[in-house]
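Visitor: build me a model:
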Amino acid sequence: MRNVLVGTVAALGIAFASAGGALAVEVNKEVTVKAAPAEVWQKIGGWCSIRNWHPAITTCEMSEVDGDTWRMLTTGDGAKIKEKRTAQGEMSYGYTITESPLPIANYNATIGVEPGEDGTMTKITWIANFDAKGATDEEAQKAIEGIFESGLNSVKESMN
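Guide: Take a look at the predicted model:
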């Protein structure tokens with residue numbers, strides 16, 4: 001599984017580089033939960049399952065357009081975030097944000113799970129690269145870190 005996640009991240013990295021060079025900001029968050037990888041992926045891996053585990057997301061509407069899979073997320077305060085799935089692995093997926101009120105541009109991310117070292121734990125890794133838009137790099141980074149941390153902490157609390 002680690003090779004699949006690393007391969008997906010590497011492929012996304014190639015896509016980032018070919019899109020115009022390195023992006024200004026990277027956020028990489030991990031959490032380990034007491035559950036098998038398949039159980040964790042069952043909880044977080046569905047394209048619209050984010051509405052069930054991320055505390056900021058109240059609804060998710062999935063659509064298919066010209067062979068691409070999209071989701072429109074709505075937050076508790078009514079903000080809309082439009083995302084396109086860019087990669088699908090066995091226990092990982094990549095996506096881009098195409099529209100949102102977040103202070104970001106050129107956002108590309110991947111989320112995935114892999115077995116922990118002892119076989120009874122699972123590591124969830126969520127990585128994003130993006131440029132700041134209408135904010136400093138630090139402000140944009142803090143915004144995405146907060147989103148990742150609240151989501152990952154929610155999964156950890158529900159599974160431990």
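
Visitor: how about the secondary structure of the residue positioned nearest the centre of the chain?
Guide: For the chain, the residue nearest the mean C-alpha position is I111 (4.4 Å; C-alpha atoms, centre = their mean). Following DSSP: H, G, I helix; E, B strand; the rest coil, I111 is assigned to strand.

Visitor: dump the residue contacts of it.
Guide: I44, S92, Y93, I124, T125, W126, I127 (C-beta atoms under 8 Å, 6 or more residues apart in numbering). For the C-beta atoms, the positions are set from N, CA and C on the backbone; glycine is no exception.

Visitor: out of those, the closest to T32 would be?
Guide: I124 (7.7 Å; C-beta to C-beta).

Visitor: which of the three states applies to the residue located most distally from the centre of the chain?
Guide: Distance to the chain centre peaks in the chain at D118, reaching 24.8 Å (criterion: C-alpha atoms, centre = their mean). Following three-state DSSP, D118 is assigned to coil.

Visitor: distance of it from G146?
Guide: 30 Å (C-beta to C-beta, to the nearest Å).

Visitor: isn't R85 right up against G67?
Guide: No: R85 lies out of contact with G67 (C-beta atoms under 8 Å); the separation is 10.9 Å.

Visitor: avg pLDDT for stretch 137-147?
Guide: Averaged across stretch 137-147, pLDDT comes to 97.

Visitor: may I have it as CSV, with CA atoms only?
Guide: Output of stretch 137-147 as CSV, limited to C-alpha atoms (Å, rounded to 0.1, in the frame of the first residue of the first chain):
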residue,chain,number,x,y,z
ASP,A,137,1.7,32.1,2.0
GLU,A,138,1.6,31.8,5.8
GLU,A,139,-2.1,32.7,6.0
ALA,A,140,-3.1,30.3,3.2
GLN,A,141,-1.0,27.6,4.7
LYS,A,142,-2.7,28.0,8.1
ALA,A,143,-6.1,27.9,6.5
ILE,A,144,-5.4,24.6,4.8
GLU,A,145,-3.6,23.2,7.9
GLY,A,146,-6.7,24.0,10.0
ILE,A,147,-9.0,22.2,7.5
